[in-house]
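K.L.:
coords below, sequence missing:
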């Protein structure tokens, strides 16, 4: 490259920095969405600007709020022409709460976006050439689909514009504000779980606030109230309220229970979980049952839908897929992709509470579930006993250690459902050299999934056979994806 060309490129870069520096205002055409649901505009030779709350088809006026060498971020000032795909958000908290970033985008558009997100991940990160990504399986419910919600107490309440001039209260119960660790927005309504759920939330806030009960803070590691977790079964009538606190106050908890049941008799169990851990996670080491059995049951199907419909026992700390009705579809696809038969012996890695293992147990010879979390394995063993299932067993182990130190050659197929962070590279390498006939990989993060599959397929012992996205979380940018690898 000549010196003249280098100077010319430098001039273009300098001019771009000047054109799009912080606080400058611009007219932008939004052409797509980022993987985090931000609107994308491209200007001056593909320089990218991300805009919160903008959707494809919007023509807007925006102000640059942050400038980096390769991109900029902007806030919307006004519409020039709104997108035809834009709809009025259902929830009053939209745009402040970080829970549902796509409520302003009609559902058909959300599905198109999620299909494109999977396609981009597999092409750009995985380097795969896939002719056609199927349309994501739509959720049966666009709202009120969650079976679990976690709310946080905080003494750092987020004030909205309508609250300006009001003295700040040191008490809040709701959801986190994006990018602010301790700030909590008081949620008055939420369309993710049920009307009874958010009414229970409001009752709980008012009950403890009226009694001036302290809130736990990480600044001093003191205070009483920590989290409220609500679990509501979709295919049974069970409903759990779990109040997580720093200590146990018997008189206060009895008063709370009595009052809560007076207003919400449909609640089947109330639990007070206690934790002194400094970690701000809704998990506790000890639980006191205040009412009911201390757990709930869930089924993946309505009774009329299938002959095999096992029960799953869900305790306060249990993991269970959040969208029950979509979980049935997700597991059905994973089962079909694995091409299961009565001779198969299947490894279920990252098995959690054993839901996949139990779901496929009727169609295979044997399943072995492997999971590192002890509580999850305890739940899994309870679930096979509850359903009298004899061909499923579980062990507690780190997945990498299990694959390195065990002889598992009798198993001919494997199903993986790892966390969002995906697989350790060593696990990918082991799988790439493995003897399995099929590997079925379920992921809630197509980016890490594509990265992992690139490693698993690089020795060409396996190739992608089938792929199917599933929309587990409408109104959000998240998408689940199932991929089946076939031995070549």
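P.N.:
Ah, there it is. Just so it is clear, the model here is predicted, and its values are computed rather than measured.
K.L.:
hey, which helix or strand in this structure has the poorest pLDDT?
P.N.:
Among the helical and strand segments of the chain, the one scoring lowest on mean pLDDT, DSSP states H and E is helix 3-19, with a mean of 56.
K.L.:
I'd like the next helix or strand past that one.
P.N.:
Heading C-terminal from helix 3-19, the first helix or strand you meet, by DSSP states H and E, is strand 25-29.
K.L.:
And the longest strand seen in the chain, how far out from the chain middle?
P.N.:
Across the chain, the longest stretch assigned as strand under DSSP state E is strand 71-81. Relative to the centre of its chain, strand 71-81 is centred 28 Å away, using Cα atoms, centre = their mean, to the nearest Å.
K.L.:
try stretch 333-343
P.N.:
In terms of Cα atoms, centre = their mean, the centre of stretch 333-343 is set 25 Å apart from its chain centre.
K.L.:
go on, stretch 30-44?
P.N.:
The offset between the C-alpha centroid of stretch 30-44 and the centroid of the whole chain comes to 22 Å, using Cα atoms, centre = their mean.
K.L.:
any idea of the mean pLDDT for stretch 240-253?
P.N.:
Averaging the model's pLDDT scores along stretch 240-253 yields 97.
K.L.:
likewise stretch 289-309?
P.N.:
Predicted confidence along stretch 289-309 averages 87 (mean pLDDT).
K.L.:
May I see the buried residues of it?
P.N.:
With burial defined by 16 or more other Cβ atoms under 10 Å, the residues of stretch 289-309 counted as buried are 290-292, 294-301. C-beta: built from backbone N, CA, C; applies to glycine.
K.L.:
what's the first-to-last distance across it?
P.N.:
The first and final residues of stretch 289-309 sit 28 Å from each other (Cα to Cα, to the nearest Å).
K.L.:
Equivalent analysis for stretch 468-479, please.
P.N.:
Stretch 468-479 has an end-to-end distance of 11 Å (Cα to Cα).
K.L.:
what mean pLDDT does it have?
P.N.:
Rounded to a whole number, the mean pLDDT of stretch 468-479 is 96.
K.L.:
which residues of the protein fall in helices?
P.N.:
Secondary structure of the chain (DSSP state H): helices at 3-19, 107-120, 195-210, 250-263, 324-337, 355-360, 374-386, 399-405, 425-432, 446-457.
K.L.:
which of these is buried the deepest?
P.N.:
Mean neighbour count, computed with mean count of other Cβ atoms under 10 Å, is highest for helix 355-360 among these, reaching a mean of 25.
K.L.:
picking that back up, and the two most separated of the buried residues of stretch 289-309?
P.N.:
290 and 301 (30.7 Å; Cβ to Cβ).
K.L.:
before we move on, the earlier item: ok, of the buried residues of stretch 289-309, which one's closest to residue 100?
P.N.:
residue 298 (23.3 Å).
K.L.:
Nearest spatial neighbour of the closest one, chain-adjacent residues omitted?
P.N.:
Counting by Cβ to Cβ, 6 or more residues apart in numbering, the nearest residue to residue 298 once its immediate chain neighbours are dropped is residue 233, at 4.5 Å.
K.L.:
Distance check, the one you found against residue 324.
P.N.:
Between residue 233 and residue 324 the distance, using Cβ to Cβ, to the nearest Å, works out to 7 Å.
K.L.:
Many thanks, I have nothing further to ask.
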